[in-house]
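Peer 1: Give the three-dimensional model of this entry:
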Amino acid sequence: MEQVQLPKNVDRIEAEETFSFACHPGVDCFTDCCRQLELALTPYDVLRLTRETKMNSGSFLEQYVIQEQETEDVFPRFYLTMVDDGRASCVFVSDKGCTVYPGRPGACRAYPMGRAAIRQEDNSMEDFFVLLKEPHCHGFAEKEEQNSIKYSIEQGLTEYNTFNDAVALLLQHDKIRKGYQLSPEQIDYFVLALYDLDSFRKQMQDGTLPGSEKFETTLHKTKEQLLLFGIEWLQQELFTS
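Peer 2: The predicted structure is shown next:
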(Lines give C-alpha, C1' and ligand atoms only; values in the text may rest on other atoms or scores of the structure.)
Protein backbone atom coordinates (compact mmCIF):
# COMPACT_ATOMS: atom_id res chain seq x y z
CA MET A 1 0.00 0.00 0.00
CA GLU A 2 1.12 3.56 -0.70
CA GLN A 3 2.69 5.38 2.25
CA VAL A 4 0.42 8.15 3.51
CA GLN A 5 1.76 11.06 5.60
CA LEU A 6 -0.51 11.55 8.62
CA PRO A 7 -0.97 14.72 10.71
CA LYS A 8 0.43 14.86 14.26
CA ASN A 9 -2.84 14.08 16.05
CA VAL A 10 -3.73 11.19 13.73
CA ASP A 11 -2.45 7.66 14.35
CA ARG A 12 -2.85 4.63 12.14
CA ILE A 13 -4.52 1.70 13.89
CA GLU A 14 -4.78 -1.96 12.99
CA ALA A 15 -8.21 -3.45 12.29
CA GLU A 16 -8.54 -5.17 15.68
CA GLU A 17 -6.45 -2.75 17.72
CA THR A 18 -8.47 -1.59 20.73
CA PHE A 19 -9.08 1.92 22.03
CA SER A 20 -11.42 3.41 24.64
CA PHE A 21 -14.13 5.73 23.35
CA ALA A 22 -17.79 6.56 23.70
CA CYS A 23 -19.94 9.55 22.78
CA HIS A 24 -23.24 10.37 24.51
CA PRO A 25 -25.02 13.38 26.07
CA GLY A 26 -23.29 12.69 29.38
CA VAL A 27 -19.86 13.51 27.95
CA ASP A 28 -19.16 17.20 28.64
CA CYS A 29 -17.95 17.87 25.09
CA PHE A 30 -21.14 16.49 23.52
CA THR A 31 -21.73 18.11 20.07
CA ASP A 32 -18.40 20.00 20.14
CA CYS A 33 -17.28 17.85 17.19
CA CYS A 34 -20.29 19.23 15.27
CA ARG A 35 -18.81 22.73 15.33
CA GLN A 36 -15.76 24.48 13.88
CA LEU A 37 -15.38 21.94 11.10
CA GLU A 38 -15.47 21.50 7.34
CA LEU A 39 -17.71 18.52 6.72
CA ALA A 40 -17.10 17.06 3.27
CA LEU A 41 -20.05 15.14 1.83
CA THR A 42 -19.89 12.02 -0.30
CA PRO A 43 -22.65 11.17 -2.78
CA TYR A 44 -24.03 8.56 -0.38
CA ASP A 45 -24.04 11.13 2.43
CA VAL A 46 -26.25 13.38 0.32
CA LEU A 47 -28.48 10.45 -0.63
CA ARG A 48 -29.09 9.61 3.02
CA LEU A 49 -29.55 13.23 4.09
CA THR A 50 -32.13 13.93 1.37
CA ARG A 51 -34.03 10.86 2.51
CA GLU A 52 -33.86 11.90 6.15
CA THR A 53 -34.95 15.48 5.43
CA LYS A 54 -37.50 14.35 2.82
CA MET A 55 -36.07 16.86 0.36
CA ASN A 56 -35.53 16.81 -3.37
CA SER A 57 -31.82 16.46 -4.10
CA GLY A 58 -31.67 19.72 -6.06
CA SER A 59 -33.33 21.67 -3.26
CA PHE A 60 -31.06 20.06 -0.68
CA LEU A 61 -27.94 20.99 -2.63
CA GLU A 62 -29.14 24.57 -3.02
CA GLN A 63 -30.07 25.01 0.64
CA TYR A 64 -27.48 23.00 2.54
CA VAL A 65 -24.43 22.29 0.38
CA ILE A 66 -21.44 24.38 -0.69
CA GLN A 67 -19.74 23.26 -3.90
CA GLU A 68 -16.12 24.26 -4.38
CA GLN A 69 -13.44 23.51 -6.93
CA GLU A 70 -9.91 24.84 -6.66
CA THR A 71 -7.77 25.22 -9.77
CA GLU A 72 -5.79 22.08 -8.94
CA ASP A 73 -8.89 19.95 -8.25
CA VAL A 74 -10.07 17.50 -10.91
CA PHE A 75 -13.45 17.02 -9.25
CA PRO A 76 -15.57 19.52 -7.31
CA ARG A 77 -15.82 19.14 -3.54
CA PHE A 78 -19.02 19.33 -1.52
CA TYR A 79 -19.36 20.59 2.04
CA LEU A 80 -22.29 20.84 4.42
CA THR A 81 -23.32 24.40 5.20
CA MET A 82 -22.43 25.66 8.68
CA VAL A 83 -24.45 28.16 10.72
CA ASP A 84 -22.97 31.62 11.26
CA ASP A 85 -23.35 31.46 15.05
CA GLY A 86 -19.78 32.27 16.04
CA ARG A 87 -19.00 28.55 16.35
CA ALA A 88 -19.51 27.46 12.73
CA SER A 89 -22.03 24.88 13.90
CA CYS A 90 -23.48 22.18 11.68
CA VAL A 91 -26.84 23.24 10.34
CA PHE A 92 -28.37 20.04 11.74
CA VAL A 93 -27.00 20.12 15.30
CA SER A 94 -29.02 21.12 18.36
CA ASP A 95 -28.24 21.18 22.08
CA LYS A 96 -29.74 17.69 22.27
CA GLY A 97 -27.61 16.33 19.45
CA CYS A 98 -27.97 15.63 15.74
CA THR A 99 -31.44 16.27 14.33
CA VAL A 100 -30.81 14.00 11.33
CA TYR A 101 -29.05 11.27 13.31
CA PRO A 102 -30.36 8.25 11.31
CA GLY A 103 -29.08 9.89 8.10
CA ARG A 104 -25.95 11.53 9.49
CA PRO A 105 -22.90 11.58 7.17
CA GLY A 106 -20.29 8.85 7.21
CA ALA A 107 -17.62 11.13 8.69
CA CYS A 108 -19.88 11.82 11.67
CA ARG A 109 -20.54 8.12 12.14
CA ALA A 110 -16.85 7.26 11.96
CA TYR A 111 -15.56 9.97 14.32
CA PRO A 112 -13.03 9.76 15.94
CA MET A 113 -11.93 7.19 13.39
CA GLY A 114 -11.10 7.78 9.77
CA ARG A 115 -10.79 5.35 6.88
CA ALA A 116 -8.61 5.62 3.80
CA ALA A 117 -9.30 3.44 0.77
CA ILE A 118 -6.81 3.14 -2.08
CA ARG A 119 -7.66 1.53 -5.44
CA GLN A 120 -5.37 -1.29 -6.47
CA GLU A 121 -4.47 -2.33 -10.03
CA ASP A 122 -7.20 -5.01 -10.03
CA ASN A 123 -9.79 -2.37 -8.94
CA SER A 124 -10.01 -3.81 -5.44
CA MET A 125 -9.84 -1.34 -2.56
CA GLU A 126 -7.20 -1.66 0.12
CA ASP A 127 -8.08 0.29 3.26
CA PHE A 128 -6.70 1.26 6.62
CA PHE A 129 -8.03 3.08 9.68
CA VAL A 130 -6.75 6.03 11.65
CA LEU A 131 -7.68 7.50 15.01
CA LEU A 132 -8.09 11.26 15.37
CA LYS A 133 -7.37 12.59 18.87
CA GLU A 134 -8.49 16.20 19.17
CA PRO A 135 -8.02 18.13 22.43
CA HIS A 136 -11.70 19.04 22.71
CA CYS A 137 -12.87 15.41 22.61
CA HIS A 138 -13.30 13.80 26.03
CA GLY A 139 -14.87 10.62 24.68
CA PHE A 140 -11.51 8.87 24.98
CA ALA A 141 -11.86 9.03 28.78
CA GLU A 142 -14.89 6.75 28.59
CA LYS A 143 -14.31 3.09 29.45
CA GLU A 144 -16.11 1.45 26.51
CA GLU A 145 -13.62 -0.59 24.50
CA GLN A 146 -13.71 -0.33 20.72
CA ASN A 147 -11.84 -1.49 17.65
CA SER A 148 -12.24 -0.33 14.08
CA ILE A 149 -14.27 -3.35 12.99
CA LYS A 150 -16.66 -3.27 15.96
CA TYR A 151 -17.07 0.49 15.82
CA SER A 152 -17.69 0.51 12.05
CA ILE A 153 -20.47 -2.06 12.40
CA GLU A 154 -22.07 -0.30 15.37
CA GLN A 155 -22.09 3.02 13.52
CA GLY A 156 -23.58 1.54 10.33
CA LEU A 157 -20.54 2.34 8.23
CA THR A 158 -20.51 -0.84 6.14
CA GLU A 159 -23.04 0.46 3.62
CA TYR A 160 -21.38 3.88 3.51
CA ASN A 161 -18.00 2.31 2.78
CA THR A 162 -19.46 0.18 -0.01
CA PHE A 163 -20.83 3.20 -1.89
CA ASN A 164 -17.80 5.37 -1.13
CA ASP A 165 -15.49 2.70 -2.53
CA ALA A 166 -17.58 2.52 -5.70
CA VAL A 167 -17.19 6.28 -6.15
CA ALA A 168 -13.46 6.02 -5.39
CA LEU A 169 -13.06 3.94 -8.55
CA LEU A 170 -13.95 7.13 -10.42
CA LEU A 171 -11.89 9.50 -8.27
CA GLN A 172 -8.82 7.27 -8.45
CA HIS A 173 -9.21 6.13 -12.06
CA ASP A 174 -5.94 5.54 -13.93
CA LYS A 175 -6.65 8.45 -16.26
CA ILE A 176 -7.15 10.78 -13.30
CA ARG A 177 -3.90 9.58 -11.73
CA LYS A 178 -2.14 10.37 -15.00
CA GLY A 179 -3.40 13.95 -15.08
CA TYR A 180 -6.63 13.69 -17.08
CA GLN A 181 -8.75 16.86 -16.82
CA LEU A 182 -12.51 16.96 -17.14
CA SER A 183 -14.40 19.29 -19.43
CA PRO A 184 -17.05 21.62 -17.94
CA GLU A 185 -19.74 19.31 -19.36
CA GLN A 186 -18.14 16.27 -17.70
CA ILE A 187 -18.01 18.10 -14.38
CA ASP A 188 -21.72 18.86 -14.73
CA TYR A 189 -22.34 15.16 -15.39
CA PHE A 190 -20.34 14.27 -12.26
CA VAL A 191 -22.45 16.55 -10.07
CA LEU A 192 -25.71 15.42 -11.67
CA ALA A 193 -25.18 11.65 -11.53
CA LEU A 194 -23.69 11.50 -8.04
CA TYR A 195 -25.17 14.37 -6.05
CA ASP A 196 -28.41 15.45 -7.76
CA LEU A 197 -30.04 12.07 -8.18
CA ASP A 198 -33.60 13.35 -8.55
CA SER A 199 -32.63 15.51 -11.53
CA PHE A 200 -30.50 12.68 -12.91
CA ARG A 201 -33.45 10.29 -12.79
CA LYS A 202 -35.73 12.79 -14.53
CA GLN A 203 -33.25 13.53 -17.30
CA MET A 204 -32.65 9.82 -17.85
CA GLN A 205 -36.39 9.20 -18.06
CA ASP A 206 -36.79 12.13 -20.46
CA GLY A 207 -34.03 10.75 -22.67
CA THR A 208 -32.02 13.99 -22.59
CA LEU A 209 -28.74 12.39 -21.46
CA PRO A 210 -26.41 10.19 -23.52
CA GLY A 211 -26.94 6.53 -22.76
CA SER A 212 -30.47 7.09 -21.48
CA GLU A 213 -31.69 4.19 -23.62
CA LYS A 214 -29.97 1.90 -21.12
CA PHE A 215 -31.96 3.33 -18.23
CA GLU A 216 -34.84 1.16 -17.05
CA THR A 217 -37.03 2.65 -14.33
CA THR A 218 -37.97 -0.78 -12.99
CA LEU A 219 -34.29 -1.62 -12.38
CA HIS A 220 -33.44 1.67 -10.70
CA LYS A 221 -36.32 2.17 -8.28
CA THR A 222 -34.30 3.09 -5.20
CA LYS A 223 -31.81 5.90 -4.93
CA GLU A 224 -29.17 3.33 -4.03
CA GLN A 225 -29.75 1.55 -7.33
CA LEU A 226 -29.79 4.89 -9.12
CA LEU A 227 -26.46 5.92 -7.57
CA LEU A 228 -24.80 2.68 -8.67
CA PHE A 229 -26.18 3.21 -12.17
CA GLY A 230 -24.84 6.77 -12.11
CA ILE A 231 -21.36 5.55 -11.20
CA GLU A 232 -21.36 3.07 -14.09
CA TRP A 233 -22.73 5.74 -16.43
CA LEU A 234 -19.96 8.15 -15.41
CA GLN A 235 -17.30 5.51 -16.06
CA GLN A 236 -18.55 5.48 -19.65
CA GLU A 237 -19.07 9.21 -20.10
CA LEU A 238 -15.87 10.37 -18.40
CA PHE A 239 -13.35 7.79 -19.49
CA THR A 240 -14.49 5.81 -22.54
CA SER A 241 -16.58 8.19 -24.65
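Peer 1: Just list whatever residues bridge to residue 131.
Peer 2: When bridges are called by DSSP bridges, residue 131 pairs up with residue 11, residue 113.
Peer 1: just checking, it touches residue 10?
Peer 2: Yes. Look at residue 131 against residue 10 with Cβ atoms under 8 Å: they come within range, at 7.1 Å. Where you see a C-beta, it was placed from the backbone N, CA and C, and this is true even at glycine.
Peer 1: Between the two ends of stretch 115-125, how far is it?
Peer 2: End-to-end span of stretch 115-125 (Cα to Cα, to the nearest Å): 12 Å.
Peer 1: Enumerate every residue touching the nearest residue to residue 163 once chain neighbours are set aside.
Peer 2: Closest residue to residue 163 apart from its sequence neighbours, by Cβ to Cβ, 6 or more residues apart in numbering: residue 44 at 3.8 Å. With contacts defined as Cβ atoms under 8 Å, 6 or more residues apart in numbering, the neighbours of residue 44 are 106, 159, 160, 163, 164, 167, 227.
Peer 1: Tell me the secondary structure at residue 44.
Peer 2: Recorded secondary structure, residue 44: helix (DSSP: H, G, I helix; E, B strand; the rest coil).
Peer 1: ok, now how distant is it from residue 166?
Peer 2: Shown here: residue 44 relative to residue 166, a distance of 9 Å by Cβ to Cβ, to the nearest Å.
Peer 1: same thing with residue 80?
Peer 2: Taken as Cβ to Cβ, the span from residue 80 to residue 166 is 21 Å.
Peer 1: And the two? Which one has more around it.
Peer 2: With neighbours defined as other Cβ atoms under 10 Å, residue 80 and residue 166 compare such that residue 80 has more, 21 against 17.
Peer 1: Good, wrapping up.
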